[in-house]
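Q: Can you look at this prediction? I've put the sequence above it.
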Amino acid sequence: MEEVKAMSRILFADSEPHIRRLFLEELREEGYEVVVAGNGAGVVRLMEAFEPDVVIMEVLLPDMSGVETGRIVKGTRKDTRVIFHSHCIPPLDLDSLGADAFVVKSHDLGRLKEAVRRLLPSQAA
């Protein structure tokens with residue numbers, strides 16, 4: 001009998017609706033189950049119900065910083081991986097931010113997809 005591979009879950013947060021739509025479509029095409037949020041409160045609200053494997057979020061969310069939101073995510077589910085994406089230069093010390101990866105924000109999703117695959121090698125879509 002063939003083992004059924006569980007679909008990895010991604011929670012994606014960005015303040016820009018068109019970015020959320022783009023990432024939602026692209027990541028679903030990769031075979032991930034995806035939900036989106038427009039702010040940190042949305043991320044926190046979705047954490048318990050959705051139980052994501054990865055949270056990808058903008059560093060500068062409108063209601064609370066991605067760093068603050070990331071700390072809440074890690075406090076809620078320590079095994080959830082956090083990827084920050086921003087136009088900013090990547091920080092030298094991701095651990096101090098509670099992040100597992102940092103991707104420069106772009107409409108080219110190749111680097112983001114690669115970061116997700118790297119963090120979930122056994123569950124990659």
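A: That came through fine.
Q: I figured residue 83 was touching residue 52, is that so?
A: No: the criterion here is Cβ atoms under 8 Å, and residue 83 misses it with residue 52 at 11.0 Å. In short, each C-beta sits where N, CA and C put it, glycine included.
Q: For the closest residue to residue 15 other than its chain neighbours, give me its contacts.
A: Nearest residue to residue 15, sequence neighbours excluded (Cβ to Cβ, 6 or more residues apart in numbering): residue 62, at 5.0 Å. Residue 62 is in contact with 15, 38, 39, counting by Cβ atoms under 8 Å, 6 or more residues apart in numbering.
Q: try residue 32
A: Counted by Cβ under 8 Å, 6+ apart, residue 32 has contacts 7, 8, 9, 10, 116, 125.
Q: Give me the local confidence score for it.
A: Per-residue pLDDT puts residue 32 at 95.
Q: next one: phi and psi at it?
A: Main-chain torsions, residue 32, degrees, to the nearest 10: phi -90, psi 150.
Q: distance of it from residue 97?
A: Shown here: residue 32 relative to residue 97, a distance of 23 Å by Cβ to Cβ, to the nearest Å.
Q: Spatially central, which residue of the chain would that be?
A: residue 56 (1.6 Å; Cα atoms, centre = their mean).
Q: where's it, which helix or strand?
A: strand 54-58 (DSSP states H and E).
Q: just checking, what packs against the following helix or strand past that strand?
A: For strand 54-58, the following helix or strand on the C-terminal side (DSSP H and E) is helix 66-76. Judged by 3 or more Cβ pairs under 8 Å, 6 or more residues apart in numbering; DSSP states H and E, the packing partners of helix 66-76 are helix 40-50, strand 54-58, strand 81-86.
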